[in-house]
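> Here is my input; please provide its structure:
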Amino acid sequence: MVTFENNIAWLFPGQASQKVGMGFDLYENTEVGLDLFQKANHIMGYDIQKIIFKGPDETLLQTQHTQPAIYIVSVILGTLLLEKGFTPSVVAGHSLGEYSALTIAGSIDFETGLNLVKVRSESMAAAGEQKKGSMSAIVGLKDNLITEICKSYKGAGLVVIANFNSPQQIVISGDTKAIDWAMKIAKESGAKICIKLNVSGAFHSPLMRPAREDLSNALEKAHFSNANYPLFTNVNAKPLTDKTKIKDCLIKQLENPVLWSDIIIAINNLGIQSFFEVGPGKVLQGLNKRINRKLKTVGFGTFQELKDLNV
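You can find the predicted model right below:
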């Protein structure tokens, strides 16, 4: 049984938290799960439910499937938490997770959110095909040193920081040759780990620019409300509730880095020390430990974890 005080930040994961079979227990045991999975199949226009529950892994790993899958499961979990009487003080989402956070914060409904995620994921996958790129995680170097490494690249293409995930855990993004060069320099500079990520493009970099138009058009047409809870945005790590400013940040997010470490520090500076990771996997719980081991962070990614929660 898990006990929490009321002053809690809810965090929503992004790509890399997916797992075949996730959400099946929610589908089997809750009306919310059954309803939203059925709506999701209709919105997506194919059996996304089957891909989530049965895979195979290589299909679920495709960006156009991964992002909707994580969004669906995260929103179901967040909705069930709200139904249990829990509410966040603030919310934040890692990349894709911002759409889950905004849905739970009442800024968009599930149908709007999933339609936007569908456009976003398909546009990003297409941009990855149009402008080939890759990403790499670097562990063990300070972010200012990695910034300098990226700036010092003089070859064809570009390399930039995509995610400031935690102190000394940074993700870089860009053209493949530039990424390979930056990994080599990072290793020579003392990085403990440099590893390519299994992604289909150079996310959160200028190589995602081709995806901007489709997403901008979709966002312009989508109905947003002001958020019920402040959203700490990826692009500036500051809290927003204004619907117009939130839309602008969602566009900027495509080509700019995720300031995750800054977000967690900013939330903690408000006096919040308790966090829920709402969604599949434990990625954000792991990052919180690296950012500040004193933070109390628990994940809710299964039906059983929800059942074990108590005030």
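> what's the burial count for the nearest residue in space to N292 that is not next to it in sequence?
Closest residue in space to N292, ignoring its immediate chain neighbours: N268 at 6.3 Å, by C-beta to C-beta, 6 or more residues apart in numbering. To be clear about C-beta, it is placed using only N, CA and C from the backbone, and glycine gets the same treatment. N268 has 17 neighbours, counted by other C-beta atoms under 10 Å.
> Pull out the buried positions in the strand or helix carrying N268.
Assigned by DSSP states H and E, N268 falls within helix 260-269. The neighbour-count check on helix 260-269 (16 or more other C-beta atoms under 10 Å) flags W260, S261, D262, I263, I264, A266, I267, N268 as buried.
> Which residues does that helix contact?
Applying C-beta atoms under 8 Å, 6 or more residues apart in numbering, the contact partners of helix 260-269 are 9, 90, 92, 94, 163-167, 232, 234, 237-239, 275, 287-288, 291-292, 295.
> again with stretch 165-183
Residues contacting stretch 165-183 (C-beta under 8 Å, 6+ apart): 132-143, 146, 149-150, 153, 155-164, 194, 196-197, 202-205, 207, 258, 260-261, 287, 290-291.
> Now, those residues that are in helices?
Among those, the residues falling in helices (DSSP state H) are D143, I146, I149, C150, W260, S261, L287, R290, I291.
> burial count for the second one?
If I follow you right, that is I146. 23.
> Contacts only, for it.
Counted by C-beta under 8 Å, 6+ apart, I146 has contacts I138, I161, I170, I172, A182, A186.
> repeat that for 10 Å
I146 is in contact with 138, 159, 161, 164, 168, 170-172, 182, 185-186, 189, 191, counting by C-beta atoms under 10 Å, 6 or more residues apart in numbering.
> Check the gap between it and V117 for me.
I146 sits at a distance of 29 Å from V117 (criterion: C-beta to C-beta, to the nearest Å).
> can you give me the helices for the stretch 201-311 of the chain?
Ranges of helices in the stretch 201-311 of the chain, per DSSP state H, counting those that start in this stretch, are 212-221, 243-253, 260-269, 283-291, 303-307.
> how about the ones you listed in CSV, adding mean pLDDT and distance to S17?
Output for these, formatted as CSV (pLDDT from 0 to 100; distance: least, C-beta to C-beta, whole Å):
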stretch, mean pLDDT, distance to S17
helix 212-221, 96, 21
helix 243-253, 97, 17
helix 260-269, 97, 13
helix 283-291, 96, 5
helix 303-307, 94, 14
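> possible to save those as a markdown table with distance to S121?
Shown next, in a markdown table, are the helices of the stretch 201-311 of the chain (distance: least, C-beta to C-beta, whole Å):
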| stretch | distance to S121 |
| --- | --- |
| helix 212-221 | 10 |
| helix 243-253 | 13 |
| helix 260-269 | 20 |
| helix 283-291 | 18 |
| helix 303-307 | 26 |
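> what mean pLDDT would you report for the strand ranked longest in the chain?
Longest strand in the chain by number of residues (criterion: DSSP state E): strand 159-166. Strand 159-166 shows a mean pLDDT of 98.
> what separates the next helix or strand after that strand from the chain centre, distance-wise?
Next helix or strand after strand 159-166 toward the C-terminus (DSSP H and E): strand 169-174. Here strand 169-174 is found 15 Å from its chain centre; the criterion is C-alpha atoms, centre = their mean, to the nearest Å.
> After strand 169-174, which helix or strand is next? Please name it.
Next element after strand 169-174 (DSSP H and E): helix 176-188.
> dump the residue contacts of T297.
T297 touches 9, 11, 264, 273-277, 282, 284-289, 291, counting by C-beta under 10 Å, 6+ apart.
> Can you name the residues bridging to it?
F275 (DSSP bridges).
> Need the pLDDT of it.
Per-residue pLDDT puts T297 at 95.
> Likewise for V199?
V199 is assigned a pLDDT of 87 by the prediction.
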